[in-house]
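J.: Provided below for reference: sequence and predicted model.
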Amino acid sequence: MGYLFCLGAFLCIGSYLVPSRYAKSAGLNFLPLMGVGLLLGAAILSPYLMELIRSPRWLAAALFSGLLWCLGQCSANVALAEISLAKGSAIFNFNTLINLAAGLLLFGEGAKPGSVPWIVSGGLLLFLGTVWVAWAQAAPHKERNLAKGVFWSFVASVCWGLYFLPLVAIRGMDPVTPFGLFHILAGLMAGGGLSALAVGLFVRSRIEWRRDLPKGLASAALWIVGTGFFLMAISTLGLAKTVPVVNANVLVYAAWSLFFFKELPLSQTPRVLGGCAAIALGIALIARG
């Protein structure tokens, strides 16, 4: 069942950034639009949020996780204003290594005997595949500043590699409190939504609220559903197993980037697909370990 949850997260997380490609509000300007959708989701789950508020430690963990997600999304939005969806999503997958290390070393999810060669091989393939995709030559006028895009993609990867950790940690410290999926999701949406709206106070250019709000709501809806599946998979399989499998969504992003948005010329298709295949195989080896 856990891998079915992974499939749902794989498809939704692999598509939730797509609406931003249609928005005139690019980069950081798009994030407050998502924030509205996240707060609407939190409002729908307000009974669960009110119960979460009664436990300050759980509330703090959920809000902090939401803030970390938002910081990662800020970085990702800046990156995707500079480079293609395929490149950005490939680099985002470095968060796999962070979650793998946290699951095994911090939370004692425990690797099986003889798993180290699988994990090392998977990590090497993940690194090589990411570098291979990151240096694909973009179509004219489809990319701007490669160095800036790659840098902020790595920052996003670190933030996203950390944002589930407070929730996993608090569950380990307080396994008795009966908070379930909807409590945690409500807290995540509240923390992420408030942080995303706060970003709107600092953007310099105009946000196209009327034109782009539906796109922000669509992006938020995909993220909410995908994160719900993500949390269910983590509770079933653990952090170290779930994140590598779900992060194979780089293949979904590559398909969007190559075949729908035409961000890379067809001549780069073998490079991107080869790199994505290496990433997917690396993730599979890590999960196998």
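T.: Here it is on my side, so go on. These numbers come from a predicted model, not from an experiment. Residues are numbered from 1 along each chain as shown.
J.: Residue ranges in the stretch 1-150 of the chain under the pLDDT threshold?
T.: By pLDDT under 70, the low-scoring segments of the stretch 1-150 of the chain are 103-113, 116, 120, 131, 134-143.
J.: again, only using 80
T.: Within the stretch 1-150 of the chain, the stretches with pLDDT under 80 are 1-3, 26, 84-87, 89-90, 93-97, 99-120, 122-124, 126-144.
J.: Helices of the protein, start to end?
T.: 2-13, 31-44, 46-53, 56-80, 85-92, 95-101, 116-134, 146-162, 165-173, 181-199, 209-237, 239-246, 250-255, 269-288 (DSSP state H).
J.: and these as TSV, adding distance to Ser20 and mean neighbour count?
T.: C-beta here means a position set from N, CA and C on the backbone, and glycine is covered the same way. As requested, the helices of the chain are exported to TSV (distance: least, Cβ to Cβ, whole Å; neighbours: other Cβ atoms under 10 Å):
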stretch	distance to Ser20	mean neighbour count
helix 2-13	14	19
helix 31-44	8	22
helix 46-53	26	16
helix 56-80	7	22
helix 85-92	9	28
helix 95-101	19	23
helix 116-134	20	19
helix 146-162	13	20
helix 165-173	25	18
helix 181-199	13	23
helix 209-237	6	20
helix 239-246	20	26
helix 250-255	12	22
helix 269-288	20	20
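J.: Nearest to Ala23, out of those?
T.: helix 209-237 (4.3 Å; Cβ to Cβ).
J.: Pro265 versus Ser65, what's the distance?
T.: Separation of Ser65 from Pro265 (Cβ to Cβ, to the nearest Å) stands at 39 Å.
J.: Present the helices of the chain as a markdown table; the columns should include distance to Phe261.
T.: A markdown table is the format used below for the helices of the chain (distance: least, Cβ to Cβ, whole Å):
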| stretch | distance to Phe261 |
| --- | --- |
| helix 2-13 | 18 |
| helix 31-44 | 19 |
| helix 46-53 | 36 |
| helix 56-80 | 11 |
| helix 85-92 | 7 |
| helix 95-101 | 23 |
| helix 116-134 | 15 |
| helix 146-162 | 15 |
| helix 165-173 | 32 |
| helix 181-199 | 24 |
| helix 209-237 | 14 |
| helix 239-246 | 22 |
| helix 250-255 | 10 |
| helix 269-288 | 13 |
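J.: Indicate which one of those helices is closest to Arg21.
T.: In terms of Cβ to Cβ, the element of these nearest to Arg21 is helix 85-92, at 7.0 Å.
J.: Going by contacts, tell me the helices and strands next to that closest one.
T.: Judged by 3 or more Cβ pairs under 8 Å, 6 or more residues apart in numbering; DSSP states H and E, helix 85-92 is in contact with helix 56-80, helix 116-134, helix 146-162, helix 250-255, helix 269-288.
J.: which one of those helices lies closest to Asp212?
T.: Among those, the nearest to Asp212 by Cβ to Cβ is helix 56-80 (12.6 Å).
J.: Please compute how far that closest one lies from its chain's middle.
T.: The gap between where helix 56-80 is centred and where its chain is centred comes out at 10 Å by Cα atoms, centre = their mean, to the nearest Å.
J.: Next: stretch 200-219.
T.: Put simply, stretch 200-219 sits 20 Å off its chain's centre (Cα atoms, centre = their mean).
J.: One more: stretch 226-239?
T.: Taking Cα atoms, centre = their mean, one finds stretch 226-239 lying 13 Å from the centre of the chain it belongs to.
J.: How about residues contacting that stretch?
T.: With Cβ atoms under 8 Å, 6 or more residues apart in numbering as the test, stretch 226-239 has contacts from 1-3, 5-9, 11-13, 16, 99, 102-103, 107, 109, 164, 167-168, 181, 184-185, 188, 242-243, 245-246.
J.: export the helices and strands packed on helix 85-92 to TSV and tack on distance to Trp209?
T.: What follows is these, written out as TSV (distance: least, Cβ to Cβ, whole Å):
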stretch	distance to Trp209
helix 56-80	16
helix 116-134	34
helix 146-162	24
helix 250-255	27
helix 269-288	34
